[in-house]
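Asks: need a 3D model of the following:
(one chain, ligands or ions: 1)
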Amino acid sequence: MKLICIGRNYAQHISELKNEKPTEPVLFLKPDTAILLKKQPFFIPDFSDEVHHEVEVLVKINRVGKHIDVKFAHKYYDEIGLGIDFTARELQQKLKEKGLPWEKAKAFDGSAVVGKWVSKSKFENLDNLPFSLLKNNKTVQSSTTQDMLWSIDEIIAYVSQFFTLKIGDIIFTGTPSGVSPVQPNDSLKGFIGEEQFFSIKVK
Ligand code: MG
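Replies: The predicted structure is shown next:
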């Protein structure tokens, strides 16, 4: 399985990183080894001292698809989750400046937190899901999927033009503003609405 990540999908996060607003979604992949194992803490890797949290709504693909039309995209997933796309920000910045791929900064071991999964039928409107990240019990990121530049269905249609989607693939739909570095002993808890989807410790 693969993790497909969307970058720059929330206007306020684009401005906080002083990035340009893209005309199409920014795509990158993480390997399955990036998934943080259940109940394990997140260890800040030795090669970085500025790892940022990026809380993101996740979508799990449930059937094989390629060149999916937006109007049929909803048939390709029935579970929604929440996770973190950990990013070694200073390293990503260096790679971006040189025009190099981001993988070292984005796809390292443990860089993908995948919380629990919930049936999408539990939510009234996937295009207006409120979600948040609490760091040490204080809200640091809070948004709704309404603020996405590209909706879940639009993302699926776009991604499937380039990559065949397979059962179990996970899409990270991008982060809102409020990203900041994590420190040892931080606790990170993710919520959709009032419901907790993950809780992890930083070491
Ligand atoms: Mg991200």
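
Asks: around the ion, pick out the residues from this protein.
Replies: 54, 85, 175 (CB under 5 Å from the ion). Quick note: C-beta positions are derived from backbone N, CA and C, even for glycine.

Asks: restricted to strands, list those residues.
Replies: Judged by DSSP state E, the subset of those located in strands is D85.

Asks: can you pull the pLDDT of the closest residue to the ion within the chain?
Replies: Residue nearest to the ion within the chain (CB to the ion): D85, separated by 3.5 Å. In the prediction, the pLDDT value recorded for D85 is 98.

Asks: that one: neighbour count?
Replies: By other CB atoms under 10 Å, the residues close to D85 number 27.

Asks: likewise for A107?
Replies: 21.

Asks: pLDDT-wise, which helix or strand of the protein ranks last?
Replies: helix 11-16 (a mean of 83; mean pLDDT, DSSP states H and E).

Asks: show me what it is packed against.
Replies: Judged by 3 or more CB pairs under 8 Å, 6 or more residues apart in numbering; DSSP states H and E, helix 11-16 is in contact with no other helix or strand.

Asks: what sits up against that helix?
Replies: 8, 20-22, 143, 147, 149, 174-179 (CB atoms under 8 Å, 6 or more residues apart in numbering).

Asks: repeat for stretch 71-82
Replies: Contacts of stretch 71-82 (CB under 8 Å, 6+ apart): 55-63, 65, 68, 114-121, 123, 126, 129, 131, 152-154, 156-157, 165, 170, 190-192, 197-198.
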